[in-house]
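K.L.:
Predicted coordinates and the sequence they were generated for:
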Amino acid sequence: MHVRAVALFLLSALSLSAFADGGTCSVNLDFTKRYLASDESVRLCDAYSDKVLLIVNTASYCGFTSQFEGLEALQKKYADRGFSVLGFPSNDFFQDPRSEEKIREFCDLTYEVKFPMFEKSKVAKRHAEPLYEALGKEAGQFPKWNFHKYLLDKQGHVVGSFGPTVAPDNGELIAKIESLL
């Protein structure tokens, strides 16, 4: 009987430990996403927890497409300090109808994008996929156009929501990023 009680205790402790580890993932990062034009997927929590993140819905045929350059500059400047831009192409606003392969090629050749880019996603409120549903709910706003930016702290909480007219080199955005690093 004593051996059985010890075994149950150990099993219970392991279960609680596993739950605690799984429970530390922010609801905003508890998603598995596929890299753009790839078969490889990653659980955002596993790859990006403890990082300051700027999550951006992108488009190749948008007036704000040149923001790729500024986003890549942010990635280069702050990556060593625990920061990453995560890009999510979307055709919700009818400005990225191309295949993922063409989007990847465009980003590589035109803007030399090295920050992680993920599968095409639904971001607008009416059809938001789960990641953007979580971000939109916490921020209190959903993207109404391309290049909407959500800034997440190291715990995965939304601490800023910036519309497309806020460029990546915006002083307020940069100050907020630096304060979180």
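P.N.:
Alright, I've got the coordinates.
K.L.:
how about low-confidence regions in this structure?
P.N.:
For the chain, the stretches flagged by pLDDT under 70 are 1-23.
K.L.:
Run through the strands of it in chain order.
P.N.:
Along the chain, the stretches classed as strands by DSSP state E are 32-34, 41-43, 52-58, 83-89, 149-152, 158-162.
K.L.:
So which of those is nearest S26?
P.N.:
Of all the strands of the chain, strand 149-152 sits nearest to S26, with 7.7 Å by CB to CB. Any C-beta I mention is one placed from the backbone N, CA and C, and that applies to glycine too.
K.L.:
Pick the most deeply packed of the strands of the chain.
P.N.:
Mean neighbour count (mean count of other CB atoms under 10 Å) peaks for strand 52-58 among these, with a mean of 25.
K.L.:
Could you export stretch 30-45 as PDB, CA atoms only?
P.N.:
Listed next in PDB are the C-alpha coordinates belonging to stretch 30-45 (Å, rounded to 0.1, in the frame of the first residue of the first chain):
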ATOM      1  CA  ASP A  30      -0.100  29.000 -27.600                       C
ATOM      2  CA  PHE A  31      -0.300  28.300 -31.300                       C
ATOM      3  CA  THR A  32       1.500  26.200 -33.800                       C
ATOM      4  CA  LYS A  33       2.200  28.100 -37.000                       C
ATOM      5  CA  ARG A  34       3.800  26.900 -40.200                       C
ATOM      6  CA  TYR A  35       6.700  28.900 -41.600                       C
ATOM      7  CA  LEU A  36       5.900  30.700 -44.900                       C
ATOM      8  CA  ALA A  37       6.200  28.400 -48.000                       C
ATOM      9  CA  SER A  38       7.400  25.600 -45.800                       C
ATOM     10  CA  ASP A  39       6.300  22.300 -44.400                       C
ATOM     11  CA  GLU A  40       8.000  23.100 -41.100                       C
ATOM     12  CA  SER A  41       5.900  24.400 -38.200                       C
ATOM     13  CA  VAL A  42       6.700  25.800 -34.800                       C
ATOM     14  CA  ARG A  43       4.900  26.300 -31.500                       C
ATOM     15  CA  LEU A  44       5.200  30.000 -31.000                       C
ATOM     16  CA  CYS A  45       5.500  29.600 -27.200                       C
END
